[in-house]
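Chemist: What would the 3D arrangement of this be:
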Amino acid sequence: MNVQVETHSGYKADEYPMRFRTGDAVLDVIEIEDRWYGPGYAYFRIFASDAKRYMLRQSLEDRSWTAQAL
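Modeler: Below you'll find the model as predicted:
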């Protein structure tokens with residue numbers, strides 16, 4: 001599912017996600033458990049404020065985000 005993500009920008013833009021919106025819910029990122037890069041994407045496995053884990057994926061081409069509950 002496509003989501004809107006608020007990110008922290010440190011030494012680079014969109015360095016890591018801080019919160020994201022799915023439908024009517026706004027979820028805070030409590031912990032980034034893992035992150036890695038693949039061809040064309042940045043991946044973040046996170047623990048969110050709804051006590052669930054998600055995989056957030058950002059397209060490095062157009063900066064769009066998707067989320068998948070784990």
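
Chemist: mind listing what's buried in the longest strand seen in the chain?
Modeler: Longest strand in the chain by number of residues (criterion: DSSP state E): strand 25-38. Residues 27, 29 are the ones in strand 25-38 that count as buried (16 or more other C-beta atoms under 10 Å). Using the backbone N, CA and C atoms, a C-beta is placed for each residue, glycine as well.

Chemist: and it, which strands flank it?
Modeler: When pairing is defined by DSSP bridges, strand 25-38 lines up against strand 16-22 (antiparallel), strand 41-48 (antiparallel).

Chemist: Out of those, point me to the one whose mean pLDDT is lowest.
Modeler: The minimum mean pLDDT among the strands paired with strand 25-38 belongs to strand 16-22 (a mean of 94).

Chemist: Please list all residues in contact with residue 6.
Modeler: 17, 18, 19, 20 (C-beta atoms under 8 Å, 6 or more residues apart in numbering).

Chemist: ok so, going back, and for the longest strand of the chain, what are the contacting residues?
Modeler: Taking C-beta under 8 Å, 6+ apart as the rule, strand 25-38 contacts 16-21, 42-50, 53-54.

Chemist: Which pLDDT value does the model give the residue lying farthest from the centre of the chain?
Modeler: Here the centre of the chain is the reference, and by C-alpha atoms, centre = their mean the most remote residue is residue 11, at 17.7 Å. Predicted confidence (pLDDT) for residue 11: 77.

Chemist: Residue 23 too?
Modeler: The model reports residue 23 with a pLDDT of 85.

Chemist: Check the one 3 residues further on too.
Modeler: The score at residue 26 is 96. That number is its pLDDT.

Chemist: Thanks again, I'm all set now.
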